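Trainee: coordinates for the following, if possible.
(one chain, ligands or ions: 1)
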Amino acid sequence: MTTSQNVLVTGATGTVGRQVVAELLARGHAVRALTRDPAKADFPDGVEAVRGDLTDPDSLAPALEGVTGLHLITFGGACFAPLETGPRILELARAAGVRRVTVLHGGGPSPLEDAVRADDGVDWTVLMPVEFMSNALEWAPGIVDADEVREPFAGRLSAMVHEGDIGAVAAVALTEEGHAGREYVITGPEPLTVGDKVAALAAARGREISLVELTQEQAITRWRAAGHSEDVIGFLLEVYGNTPEVGRTVVDTVEKVTGRPARTFAEWAAEHAAAFGATGAA
Ligand SMILES: NC(=O)c1ccc[n+]([C@@H]2O[C@H](COP(=O)([O-])OP(=O)(O)OC[C@H]3O[C@@H](n4cnc5c(N)ncnc54)[C@H](OP(=O)(O)O)[C@@H]3O)[C@@H](O)[C@H]2O)c1
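Mentor: Presented below is the predicted three-dimensional model:
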């Protein structure tokens, strides 16, 4: 049995941070949740909302008081700019008595992640999730409006992970021994094609969904219309057209770290069926 710890979660209003908060709470820990705007945040009961901006590390000092664990994101601001403030954040964290740090890997080079890895004054763990299941929410408007999903590379495989399982791995690493200096690739329990995902969503909402496979040219046209830069389009073509092995290979991190199996996409789809126009949903 672990004793209750005090943990500061950054990115706490985000897809993963919300889950880190929920998993820490469920395990009986005291949670402080960082946001730039506490008035807008809607944290669960029992969570202490604190104001702070990761681009201005000294603004975190009050939030770090009395904290033993710290969950970090690697970016800050509107354009997901890589944070350069890691060394100062870690200096403040160590001074405040933080012992354990998790950092959510951002998929690319990160000065903040480098600073965490180089810090031998704290026990750090790097969380490297593959594609989030919540990315499927991008399909919700097309499914609700037209009962269809339009995607390129429909046969591509993804070992996508339930964001709650990322939160669970983080919560354990932040509060228990045995995870220092580890890099955890975090996946779901099965590699899925776009067709597999569409079938799971159709089953969850109780109505068929057509899958229309776009050509590469059609996809590029759509991404340009959505305002993506040519760099982002190049990245999307690479990860969709040639998904790296790590993104499609199942690993057992969730089960090893948390003691229970990774959640399936069918479970995720059932939890989110209303967003996809489930029969009978409001
Ligand atoms: N989507 C995927 O499939 C996938 C897969 C693997 C890894 N990732 C990585 O996951 C990360 C995105 O995580 P997410 O989806 O959970 O994020 P998100 O939902 O986009 O949320 C962004 C969070 O960042 C906080 N934030 C932004 N700038 C800040 C600043 N200057 N100071 C303090 N807080 C700031 C926001 O807090 P406030 O606005 O409340 O201040 C918010 O909580 C990225 O690094 C991405 O590369 C994504």
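Trainee: just the buried positions in the strand or helix carrying Val232, please.
Mentor: Val232 belongs to helix 230-241 when assigned by DSSP states H and E. Residues of helix 230-241 classed as buried: 233, 236-237, 239-240 (neighbour count, 16 or more other CB atoms under 10 Å). From N, CA and C alone the C-beta is placed, and that goes for glycine too.
Trainee: and the average pLDDT for it is what?
Mentor: Averaged over helix 230-241, pLDDT sits at 92.
Trainee: which secondary structure elements does the helix or strand encompassing Glu255 contact?
Mentor: Assigned by DSSP H and E, Glu255 belongs to helix 253-258. When contacts are defined as 3 or more CB pairs under 8 Å, 6 or more residues apart in numbering; DSSP states H and E, helix 253-258 packs onto helix 163-175, strand 182-186.
Trainee: and it with the ligand, contact?
Mentor: No - figure legend: helix 253-258 not in contact with the ligand (CB under 6 Å from any ligand atom); closest approach 13.6 Å.
Trainee: show me which residues of the stretch 51-200 of the chain are close to the ligand?
Mentor: Checking the stretch 51-200 of the chain against the ligand by CB under 6 Å from any ligand atom, the hits are 53-55, 73-77, 104, 106-107, 129, 131-132, 135.
Trainee: buried ones among those residues?
Mentor: 53-54, 73-76, 104, 106, 129, 131-132.
Trainee: and the residues of the stretch 51-200 of the chain next to the ligand, which of them are in strands?
Mentor: Residues from these lying in strands, with DSSP state E as the criterion: 75-76, 104, 129.
Trainee: ok, back up a step: adding distance to Ala33, mean neighbour count and mean pLDDT, write the helices and strands packed on helix 253-258 out as JSON lines.
Mentor: Below are the helices and strands packed on helix 253-258 laid out as JSON lines (distance: least, CB to CB, whole Å; neighbours: other CB atoms under 10 Å; pLDDT from 0 to 100):
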{"stretch": "helix 163-175", "distance to Ala33": "12", "mean neighbour count": "26", "mean pLDDT": "98"}
{"stretch": "strand 182-186", "distance to Ala33": "21", "mean neighbour count": "18", "mean pLDDT": "98"}
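Trainee: include distance to Ile209 when you put those into TSV, please.
Mentor: What follows is the helices and strands packed on helix 253-258, written out as TSV (distance: least, CB to CB, whole Å):
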stretch	distance to Ile209
helix 163-175	22
strand 182-186	27
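Trainee: tally of neighbours for the residue in the chain that the ligand sits nearest to?
Mentor: Proximity of the chain to the ligand (CB to the nearest ligand atom) peaks at Gly14, 2.4 Å away. As a burial measure, Gly14 scores 15 neighbours (other CB atoms under 10 Å).
Trainee: tell me the contacts of the closest residue to it other than its chain neighbours?
Mentor: Setting aside the residues directly before and after it, Gly14 is nearest to Ile73 in space (CB to CB, 6 or more residues apart in numbering), at 7.2 Å. By CB atoms under 8 Å, 6 or more residues apart in numbering, the contact set of Ile73 is 10-11, 14, 16-17, 54, 83, 103-104, 106.
Trainee: rerun that using 6 Å as the cut-off
Mentor: 10-11, 104 (CB atoms under 6 Å, 6 or more residues apart in numbering).
Trainee: can you give me the helices in this protein?
Mentor: Secondary structure of the chain (DSSP state H): helices at 15-26, 61-64, 86-96, 111-117, 140-146, 163-175, 194-205, 216-225, 230-241, 245-248, 253-258, 265-271.
Trainee: ok now the third one, how far from the chain's centre?
Mentor: Spelled out, it's helix 86-96. Distance, stretch centre to chain centre, for helix 86-96: 23 Å (CA atoms, centre = their mean, to the nearest Å).
Trainee: now do that helix: which elements does it pack against?
Mentor: For helix 86-96, the packing partners by 3 or more CB pairs under 6 Å, 6 or more residues apart in numbering; DSSP states H and E come out as helix 61-64, helix 111-117.
Trainee: which other residues reach it?
Mentor: Under CB under 6 Å, 6+ apart, the answer for helix 86-96 is 57, 61, 64-65, 67, 70, 111-112, 115, 119, 121.
Trainee: most neighbours of all those residues, which one?
Mentor: Going by other CB under 10 Å, Leu70 tops the contacts of helix 86-96 with 29 neighbours.
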